[in-house]
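Enquirer: this is a predicted model, with the sequence first.
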Amino acid sequence: MFALMFATVECAAMGSVRQGENATYGIRNIAPEAIEQVRMADADDPGRSYAAGGSRMHGNPTQPIEAYFPHVTLGFGGGRYMSDTGHRVPEAVLITWRQDHAPDAQPYTGEPVGPFRVEVRSRIPTEVLALARKDEYVLGLSFTAGMLPIYFNWRLTISGGSALGRRVICIGGDSFSNDVKEVKLGSPATIVPVWPHCKLP
């Protein structure tokens with residue numbers, strides 16, 4: 001999918017620092033209707049795809065988006081890219097999808113929607129990007145599809161400190177205003193600080 005470029009490794013107190021950044025990319029449909037062929041590509045290199053699927057993404061028809069806020073936008077996960085490959089979080093991504101096909105039509109024949117450009121790198125604090133270059137940290141990026149506006153959120157995790165082996169130490173993005181200092185995530189609920197109220201290592 002992309003060329004492997006081995007980064008120079010430096011020794012640091014908190015772990016190895018690399019030229020690339022550890023990152024995951026997730027995308028979620030928040031529209032009431034199903035959508036198909038969702039794709040997220042690098043805006044500067046459209047041939048590089050961070051999330052693509054021919055499968056159908058089911059909709060969320062039961063409640064308006066406000067009823068889910070902010071959790072509706074927190075679709076983290078998906079493909080992971082490692083810092084030791086030289087991966088760099090893109091400046092921006094392009095998001096596209098197809099409307100659901102008609103009941104009597106072939107799959108993937110619905111109306112194409114997009115591309116929509118979403119600025120990414122400039123909206124992530126430089127301190128967070130710097131930590132994503134260390135082995136023990138991963139920067140999760142989450143996007144929405146299916147309806148406008150497209151929401152972009154990010155979270156920073158560190159290895160250790162939870163039953164799943166990773167702990168969220170900071171979160172930010174479109175779902176959170178500057179006066180929100182913390183949120184409860186997961187089950188059982190964990191309190192996570194919201195940028196700019198995070199205390200980073």
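Expert: Cool, the structure landed.
Enquirer: leaving out sequence neighbours, find the closest residue to residue 193.
Expert: Closest residue to residue 193 apart from its sequence neighbours, by CB to CB, 6 or more residues apart in numbering: residue 182 at 5.2 Å. Glycine gets a C-beta too; all of them are placed from N, C-alpha and C.
Enquirer: so the one you found touches residue 197, yeah?
Expert: Yes - between residue 182 and residue 197 there is a contact under CB atoms under 8 Å: 6.9 Å.
Enquirer: so residue 129 sits in a helix?
Expert: Yes - secondary structure of residue 129 (DSSP: H, G, I helix; E, B strand; the rest coil): part of a helix.
Enquirer: which residues touch it?
Expert: Neighbouring residues of residue 129 by CB atoms under 8 Å, 6 or more residues apart in numbering: 21, 89, 121, 139.
Enquirer: out of these, which are buried?
Expert: By neighbour count, with 16 or more other CB atoms under 10 Å, these hold 21, 89, 139 as buried.
Enquirer: show the pLDDT at the first one.
Expert: What the model reports as pLDDT for residue 21 is 96.
Enquirer: repeat that for the second one.
Expert: At residue 89 the predicted local distance difference test score is 97.
Enquirer: ok, the last one next?
Expert: At residue 139 the predicted local distance difference test score is 96.
Enquirer: what of residue 119?
Expert: 98.
Enquirer: beta partners for it?
Expert: Listed beta-bridge partners, residue 119: residue 92 (assigned using DSSP bridges).
Enquirer: sorry, back to before: would JSON lines of the contacts of residue 129 with secondary structure and distance to residue 96 be doable?
Expert: Shown next, in JSON lines, are the contacts of residue 129 (DSSP: H, G, I helix; E, B strand; the rest coil; distance: CB to CB, whole Å):
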{"residue": "21", "secondary structure": "coil", "distance to residue 96": "24"}
{"residue": "89", "secondary structure": "coil", "distance to residue 96": "20"}
{"residue": "121", "secondary structure": "helix", "distance to residue 96": "20"}
{"residue": "139", "secondary structure": "strand", "distance to residue 96": "23"}
